[in-house]
Structures are given as structure tokens and as C-alpha cells.
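A.B. asks: Following is a predicted model, sequence given first.
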Amino acid sequence: MPPIIIKFLSNDTFNTTKEELEFLENWIQNPENEQLFSDYIKMNAAIEKELKTYDIQKAEEKIMLHIKQEKNVFFRRKIKTVMKYAVAASVLLVVALTVFLNKESGSQFTEPIIINNTIQVGTDKAILTLENGEEITLVKGTSFQTPNATSNGEEIVYEKGASKDIAHNYLTIPRGGQYHIILADGTDVWLNSESQLKYPVAFSTGETRQVELVYGEAYFDVSSSTNHNGADFKVYHQKQEVQVLGTEFNIKAYKDETNIYTTLVEGKVAVSTKITNQILAPSQQSKVNIVRNTISVSNVEVNAEIAWINGKFILQQKTLKEIMKILSRWYDVEVIFNNKDLEEIRFEGVLSKNQDIEEILNNIKNFGVINNFEINNKTITLK
């Protein structure tokens, strides 16, 4: 059975023929495959919609329309996602078709090697460092209180107010963690795994409100300057500065990456480096290369960039290496590639942050991307 179905729906670049497109068209229209198609569409929640909103007939119509357009144009190019409104559905359809092709060809899946699976799904946890250097571990289900803040184990909330004497706290999120903080000015900050934020326990009246994303990823919903006597808000990083008046944006600045990404959701921000600055509009993302000292701006799919705060990973044309780096932070694991060629394979999908890692790896294996995987304590080996 030719691999045209998998390649077509996984956005791979390939040389296609009319015969191959007709094969895919016939497969979708075959009543014997209708249930398989329907089951896998229904298996996954849409990016922003509940399961009940799925329209199987509409999904099929979109694929058929795309096939007809491709047959009319008929030239070599990179196939875009067929169902833009349901990336997850298209990925799970690839799984379905992979199973179908293997069943037709009589091949058997190799069982994964599980020596000792100690990998846990990430959860709410953080380390709070007070101004005197004392460290407090914040964990889900355990409350804690300081003279100016309260934590219920899932978030920490600072008392509103201003002060002339500014003391700073640090909130550090380990691998396998996440946390929500409400600053003294009412600004909401969501911190992703392996991140650290430095911030004042109170802000000076009328002065610029300043925090520092030391490293990692954070989503900011900034309290408007109109609520603070016109005081603007700045987020510092060693290699850039973001200035805002009242807005929502995401900054990703991990220590092991050469780029800093700032994505604007609402409002307006100015991203500055030592040599230049850029004004971002909603749905734009700046990329600061800290090695070359360059900055560029592009339009992005915002929902994919900030999905992590809503409990999802939306993967759009990421390499397997990039995907495993994301997963390694959330599940606190080490990933080894037996075959380096696997690192550059790209595919799309939607993953829940509550999924067991073994389930995710089995799905990737079913895509045909890897032959097998092994879990030994907190080390994953892809083969």
C-alpha cells in the first residue's frame, strides 16, 4: 500500500501524481472506511471547540475539496493542513490511516520497551524565594502564607498596594511544573516549566512597574496603566526589554535556546535590544537571536503559541526534536535519539498536558515517525 495517505495528511513534502491523489480520494469516499474516519475525528478535541461541535461530514468535504484543488493545480509543493479548524483531527486521521495501511499490509507493531516507567505528568509546583533568601516549596494541595502573599498550592496572590521600600521575591518553576502568580498591581502571570521570575512584592506609586523574566516562558496579562496613575509595565530579560501599557503577551526565553520569542495577543508592546527595537501588533511575534544580535517580526497563530496555559500543546510543523524538548520540560525527562535523522521529521498535532507520556509516545509511534521507543526510569529512547 503506497504511503500517499500518511504523507498527504502529515504535511510532508513529496512528489505526487494524479494516480496517488485519486487513490486518496477513493479511500475517503469508500463506505467501508467511513467508520474508521469518523472514529478518529471524534477521538480528539478541537483546538478551541468542544467535541460536540465536530461535523464529520464537513471535515470530509474539506478534505475532498482540497484534493480536487490539488488535482487541478497539480504541481510540486508543500501540502498545507487540510482541516485548519481541527489540526488534532487531521493528525488522528493520520493515525487511523497508519493503522489501516499496516492492517492491509499485514505488518505488526513492535511493542515498546518499558523497563521502569517513573515519569509523572507535570503539575502545579514552584519554589518561592523571599527577600531574606528563605526558600519555600509550593505544591498543589498545600497552602502557604507570607505577610504580603497567600498561596493555595496552585497560585500565589500578592496583596494589592504600593510601597517606597521595594523588596523582591523570586518564583522558580522546576521541570515538570507550572504556576500562576498575581502581582501586587493585579497583573496575572502564568509561568511554564523550567522558568524563573523576579518581581517586587509591591510597586512604587507612579513609577514604572518592572519585573524580570530571568529565564523560561511566561504569559502576562498586564493590569492597565490607567489603574496605576499612568505607570507603564516592563519585562526585562538579559537580552531584551518589553515595554507595555496594558496588554497580553507571551515571552519564551529558555536558557538552552538561542532565540527569544515574544508573542502579542492583545494591545501593543515595544521589544527592544541593545541595538534595535520593534513595535508588535496583535498576532505578531518577534524573534531575537541572542547570538547574532538580530530581531525579526512575523505573523503567527496565537492560539498555538499560548496553548500551554490552557493545558494543551499545539504543535504546528515542529520537528520531533523540538517536540521532545517541549515534552522533556513538562514531564521532566531526558530524551535520547538512537537515529539522529528522526530529529528533523516534522508533523502537527494537539496534545493534552494531562496525557500519560506513554500514550503520547505510542501515538507518535503510530504516526510512523519512529519504529519504537524505550522508557527506563525517566529516560526515553526513540528508535
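C.D. replies: Great, that's in hand. Numbering: from 1, shown residues only.
A.B. asks: Just the CA atoms of stretch 214-222, as CSV, please.
C.D. replies: C-alpha atoms of stretch 214-222 as CSV (Å, rounded to 0.1, in the frame of the first residue of the first chain):
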residue,chain,number,x,y,z
VAL,A,214,15.3,35.5,34.3
TYR,A,215,14.7,32.5,32.1
GLY,A,216,11.9,30.3,30.8
GLU,A,217,8.4,31.1,29.5
ALA,A,218,5.7,33.3,30.9
TYR,A,219,2.4,34.6,29.8
PHE,A,220,1.5,38.1,31.0
ASP,A,221,-2.0,39.7,31.4
VAL,A,222,-0.9,43.2,32.5
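A.B. asks: Please enumerate the helices of this protein.
C.D. replies: Assigned by DSSP state H, the helices in the chain fall at 4-9, 18-29, 34-42, 56-73, 87-105, 302-305, 320-331, 357-366.
A.B. asks: Lowest average confidence across these, which one?
C.D. replies: Ranked by mean pLDDT, the helices of the chain bottom out at helix 87-105, which scores a mean of 45.
A.B. asks: Show me this structure divided up by domain.
C.D. replies: Using automatic domain parsing, the domains assigned to the chain come out as 1-108+311-369, 123-305.
A.B. asks: Which of those domains sits closest to N116?
C.D. replies: domain 1-108+311-369 (12.1 Å; C-beta to C-beta). The way it works is simple: take the backbone N, C-alpha and C, and place the C-beta from them, glycine included.
A.B. asks: Straight-line length of stretch 273-282, end to end?
C.D. replies: The first and last residues of stretch 273-282 sit 20 Å apart, counting by C-alpha to C-alpha, to the nearest Å.
A.B. asks: in this structure, what spans have low per-residue confidence?
C.D. replies: 1-22, 24, 28, 33-109 (pLDDT under 70).
A.B. asks: List the buried residues for stretch 227-237?
C.D. replies: By neighbour count with 16 or more other C-beta atoms under 10 Å, stretch 227-237 contains the buried residues 228, 231-235, 237.
A.B. asks: Show the end-to-end separation of stretch 135-145, please.
C.D. replies: Across its full length, stretch 135-145 reaches 13 Å between end residues, using C-alpha to C-alpha.
A.B. asks: Name the residues that touch it?
C.D. replies: The contact list for stretch 135-145 (C-beta atoms under 8 Å, 6 or more residues apart in numbering) reads 123-130, 146, 150-154, 156, 179.
A.B. asks: Which two of those residues have the greatest separation?
C.D. replies: The largest separation in those, counting by C-beta to C-beta, is between T123 and L130 at 22.8 Å.
A.B. asks: returning to what we had before: nearest to P200 among the contacts of stretch 135-145?
C.D. replies: The nearest one, if we look at those relative to P200 and count by C-beta to C-beta, is L130, at 12.6 Å.
A.B. asks: can you pull the contacts of the closest one?
C.D. replies: If you count contacts by C-beta under 8 Å, 6+ apart, L130 has them with 136, 146, 169.
A.B. asks: that older thread, which among the contacts of stretch 135-145 count as buried?
C.D. replies: Among these, those classed as buried by 16+ other C-beta under 10 Å are 123-130, 146, 151, 153-154, 156, 179.
A.B. asks: and of the contacts of stretch 135-145, the nearest to T205?
C.D. replies: Closest approach to T205 among the contacts of stretch 135-145 (C-beta to C-beta): T146, at 21.8 Å.
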